[in-house]
Every structure is written in structure tokens, then in C-alpha cells.
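J.: Turn this into a structure:
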Amino acid sequence: MTAEPTDRLEGAPLISPSTTGHPLHEPIVDACRTVFDPEIPVNIYDLGLVYTIDIGGENDVRVIMTLTAPGCPVAGEMPGWVADAVSAVPGVRTVDVDLTWEPPWGMEMMSDEARLELGFM
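T.: Okay, the predicted model is just below:
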């Protein structure tokens, strides 16, 4: 019996960690909070759609995000909205937004604020 190939190392987290210690992290989070899914009155960060904010040494930013569902009507547009919001942060050099479906988004990824806003608490 052979093992199935995998795109990640055994034991590696499904979501890459963010560069939380970088001074641009909080302003980038704030920028992500200005982007809303048009069907849900909560910003994408508090919805848990932003998985990773990776900030490189030259202030190049990579955002890994998902959507609530693969058939989301704004799937083609939302990464651009995020890129526009993050590129407006002073000090950010470049922005790359990658859309992923792994792990799939679930309601458990929402912040307490988002759950309260949507009436789940």
C-alpha cells in the first residue's frame, strides 16, 4: 500500500501562520476589515475568510484567503478588493492575494464579534 501524495508536510498546519510581529500587520488587518462580502454584513477578516497575512522583508504582502463557498458570486472580484485595500496601507510595497479552498471555510472561523453581529451568540 502506497501513501497518497500530499501538498503539505505531515503535521504541518492547514493554515500558514501570519507575520503578526511586523509593524504593518495591524494596519493590514484594519484594511482587510474594510472589505465586506456583499451578502453578509460582516467584514471578511472577522468572518474568518483571511487565513494568512505574510509580510516579507521588503514589505511585500501575501494574503491567503478563502470565500464562504466556491460558488460565491464575487469570487472573481473579492481578491482584487482585498489587494486594493491592502495596497493603500502606507509602507506596503506589493500585494499578492491568493484564493484557497483548503481548509474549507466554516462558521467556527468567525470571530465572536461576527457571530454576535449575525445573531449566532
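J.: What ranges in the protein fall below the confidence cut-off?
T.: Scanning the chain for pLDDT under 70 picks out 1-14.
J.: what's the following helix or strand after the biggest helix by length in the chain?
T.: Longest helix in the chain by number of residues (criterion: DSSP state H): helix 78-87. Later in the chain than helix 78-87, the nearest helix or strand by DSSP states H and E is strand 94-99.
J.: Check which element follows that next one along the chain.
T.: helix 112-117.
J.: Could you list every helix and strand in contact with that next one?
T.: Helix 112-117 is packed against helix 44-47, with contacts defined by 3 or more Cβ pairs under 8 Å, 6 or more residues apart in numbering; DSSP states H and E. (Glycine included, C-beta is placed from N, CA and C.)
J.: So what touches the next helix or strand after the helix it packs on?
T.: As assigned by DSSP H and E, the chain's next helix or strand after helix 44-47 is strand 50-55. The contact list for strand 50-55 (Cβ atoms under 8 Å, 6 or more residues apart in numbering) reads 15-19, 22, 24-25, 28-29, 32, 44, 61-66, 82, 100.
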